[in-house]
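> next input, structure requested:
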Amino acid sequence: MISYLFLFLFIAALVAYFIASRRAVGAAGGNVRDMHSRPVYHGLNALVSTAVPAFIFVLLWLLFEQSVIDLMLLAGYPGADALTGPERDLLISEIRQVAAGNIFREPTPEIVAAVERLKGLERTATMLLVASVVVIALAGAAIAVSSVSRRFLARHRFEFSVTLFMIFASTIAILTTLGIVASLVYEALQFFQRVPLSEFLFGLSWEPQIPLREDQVAGQGAFGAIPVFVGTFLVAVLAMAVAVPVGIMSAIYLTEYASKRFRSVIKPMLEILAGIPTVVYGFFAVLTVAPAMRQLGASVGIDVAPNSALAAGAVMGIMLIPFISSLSDDAFAAVPQAIRDGSLAMGATKGETIKKVLLPAALPGIVGGVLLALSRAIGETMIVVMAAGLIAKMTLNPLDSVTTVTVQIVTLLIGDTEFDNPKTLAAFALGLMLFIMTLFLNLVALRIVRKYQEKY
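Predicted structure coming up:
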């Protein structure tokens, strides 16, 4: 039904556009220059007035519809007032499952009655939504078309409407970000009520395998996150050690030394690396790079783990090269040619010009590329799962197996999960720490840019 509503809005907006445009041409009497706004702006104003209010109404309706229907279901269900929050959620889920035809046991008469009530409420909600959208769209179209005249400020009205819509979109983005942060903080606080913050931040043992049910057998659990963060740091450093020099050097060569023909071929080939799925990199690491490193280590008498941080970091560094190279290339290309010519005219060599002129001028773009690559390295999961390992170890040996924050988050949230258990809540605590780390990196990068940037 929603798709049909959007199709209706699209057609109604187009019809309103053509009607308003034709009406504006008629109101001008053939002399469009006498009008304050061109006919196209009258048409666009009618299009926006028809589609945008109805579209926002549909979004708000979909946001609150299910919650309102659930409240009305619980209000009519006998004994719902005595149920706890989780019991109400379970009851609503059972009613909706039965309504969808997923019957795992014989429903009670109360459930059957609630299902019929649910279907009735959904039908009523659908009819109200359709009627409201049609009325809002037609009212907006009628107001916009009737407002067409020589002196009507259609262009100003259209630009104001676009500005409001962009503010609405920006507000949605901000609220979504705040919602993500709030959910992380709330669940992390639930975790820290069960596990001391000092143990999480300074503990040296990470073994979150605790029993989720009474019939399960597991350890008591240890939630010292330092080994996890050490593994994340180790893999990220190894990846950046590969990606940063190769990415920046390739950007310098493509910008300052390569011919246009060579650059037009090599740069797209280099950027193809960014489009390869990470699972492919993971297969490459575990099937090719890790065995090769282990054989090389055995040939010289060095013990290399089958899943090592070095293999994961090296392959991840290859994946990150396009991020640094592309942004650094754009930063170098943005430096005016006059600056290069001035440096060369003063007697500087090409290398000195690159080192003392281009690099300081392009520093913000380079730091942005490095920061983007570092954030990607910290947040990467698949390569580390396949090539580095799952066990948290307190080691800085790149030849040993380690794990990272993202891998542990995935591990903790698969299988049997209960969100009142420290094992599951630990994933949110790790996510919050990862968010704080990324924020700290952004602040450090901003300070570096402000301190070392040279303005011309």
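> any idea which element the closest residue in space to Ala361 that isn't next to it in sequence lies in?
Counting by Cβ to Cβ, 6 or more residues apart in numbering, Val335 is the residue found nearest to Ala361 once chain neighbours are left out, at 4.7 Å. No exception for glycine: its C-beta is placed from N, CA and C like everyone else's. Counting by DSSP states H and E, no helix or strand carries Val335.
> count residues in the vicinity of Val335, would you?
18 (other Cβ atoms under 10 Å).
> lowest mean pLDDT among the helices and strands of this structure, which one is it?
Sorting the helices and strands of the chain by mean pLDDT, DSSP states H and E puts helix 85-99 at the bottom, at a mean of 76.
> need the contact partners of that helix.
Identification of contacts with helix 85-99 by Cβ atoms under 8 Å, 6 or more residues apart in numbering yields 70, 73-74, 77, 80, 83, 103-104, 107, 111-112, 114-115, 118-119.
> does the residue nearest to Ala361 touch Ala362 like I think?
Yes: under the criterion of Cβ atoms under 8 Å, Val335 is in contact with Ala362, at a separation of 5.8 Å.
> quick check: angle from whichever strand or helix holds Ala46 to helix 85-99?
Using DSSP H and E, Ala46 falls within helix 39-75. Put simply, helix 39-75 runs at 110 degrees to helix 85-99, going by axes from the mean of the first three to the mean of the last three Cα atoms, to 10 degrees.
> what helices and strands are in contact with helix 39-75?
Here helix 39-75 touches helix 2-28, helix 85-99, helix 109-146, helix 154-194, going by 3 or more Cβ pairs under 8 Å, 6 or more residues apart in numbering; DSSP states H and E.
> what about 6 Å?
Contact partners of helix 39-75 among helices and strands, from 3 or more Cβ pairs under 6 Å, 6 or more residues apart in numbering; DSSP states H and E: helix 2-28, helix 109-146, helix 154-194.
> sorry, back to before: among the contacts of helix 85-99, which ones are buried?
Listed as buried from these are 70, 73-74, 77, 80, 107, 111, 114-115, 118; burial here means 16 or more other Cβ atoms under 10 Å.
> so the closest residue in space to Thr438 that isn't next to it in sequence versus Val405, what's the distance?
Closest residue to Thr438 apart from its sequence neighbours, by Cβ to Cβ, 6+ apart: Ser375 at 5.7 Å. Separation of Ser375 from Val405 (Cβ to Cβ, to the nearest Å) stands at 13 Å.
> higher neighbour count, those two?
Shown here are Ser375 and Val405; by other Cβ under 10 Å, Val405 has more neighbours (23 against 18).
> just give me the residue right at the centre of the protein.
Taking Cα atoms, centre = their mean, the centroid of the chain lies closest to Thr177, which sits 9.8 Å from it.
> neighbours around the closest residue to Gly389 other than its chain neighbours, how many?
Counting by Cβ to Cβ, 6+ apart, Ser401 is the residue found nearest to Gly389 once chain neighbours are left out, at 3.4 Å. By the criterion of other Cβ under 10 Å, Ser401 has 23 neighbours.
> pretty sure Ser401 is in a strand, no?
No: counting by DSSP: H, G, I helix; E, B strand; the rest coil, Ser401 is not part of a strand but coil.
> give me phi/psi at it?
phi -80, psi 140 (degrees, to the nearest 10).
> please tell me how far it sits from Ala20.
In terms of Cβ to Cβ, Ser401 sits 67 Å off from Ala20.
> do Val246 as well
From Val246 to Ala20 the distance is 56 Å (Cβ to Cβ).
> Pro306 now?
Remark: distance between Pro306 and Ala20 (Cβ to Cβ) = 69 Å.
> more crowded one of these two?
Comparing Pro306 with Ala20 by other Cβ under 10 Å, the one with more neighbours is Ala20, at 28 against 13.
> avg pLDDT for stretch 402-414?
Here stretch 402-414 scores 83 as its mean pLDDT.
> contacts made by that stretch with the rest, please.
228, 231-232, 234-235, 309, 379, 381, 384-385, 388-390, 392-393, 426-427, 430, 434 (Cβ atoms under 6 Å, 6 or more residues apart in numbering).
> then that stretch to CSV, C-alphas only?
C-alpha atoms of stretch 402-414 as CSV (Å, rounded to 0.1, in the frame of the first residue of the first chain):
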residue,chain,number,x,y,z
VAL,A,402,44.7,-11.4,18.1
THR,A,403,41.1,-10.2,18.0
THR,A,404,39.5,-6.7,17.7
VAL,A,405,36.6,-4.8,19.1
THR,A,406,34.4,-5.2,16.1
VAL,A,407,35.0,-9.0,16.0
GLN,A,408,34.0,-9.3,19.7
ILE,A,409,30.9,-7.2,19.1
VAL,A,410,29.8,-9.6,16.4
THR,A,411,30.7,-12.7,18.5
LEU,A,412,28.7,-11.5,21.5
LEU,A,413,25.6,-10.7,19.5
ILE,A,414,25.2,-14.0,17.6
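> the stretch 301-450 of the chain: helices as residue ranges?
309-333, 337-345, 350-353, 359-361, 363-379, 382-387, 405-412, 422-452 (DSSP state H, counting those that start in this stretch).
> quick check: pLDDT value at Ala236.
pLDDT, Ala236: 90.
> count the residues that sit near the closest residue to Leu44 other than its chain neighbours.
Using Cβ to Cβ, 6+ apart and skipping residues adjacent in sequence, the residue nearest Leu44 is Phe158, 4.8 Å away. Using other Cβ under 10 Å, Phe158 is surrounded by 22 other residues.
> kindly report the same for Val246.
Neighbour tally, Val246, other Cβ under 10 Å: 17.
> tell me which element it falls in.
Short version, using DSSP H and E: Val246 is in helix 226-252.
> next SSE after that helix?
helix 260-271.
> which strands or helices does that following helix pack on?
Short answer (3+ Cβ pairs under 6 Å, 6+ apart): helix 260-271 packs on helix 309-333.
> what angle separates the helix it packs on from helix 260-271?
140 degrees.
> for Phe10, give its distance to Gly179.
Phe10 is 29 Å from Gly179, by Cβ to Cβ.
> more crowded one of these two?
Phe10 (14 against 10).
> next, count neighbours for the closest residue in space to the more buried one that isn't next to it in sequence.
With Cβ to Cβ, 6+ apart as the criterion, Phe10 has its nearest non-adjacent residue at 7.3 Å, and that residue is Ala51. Ala51: 23 surrounding residues under other Cβ under 10 Å.
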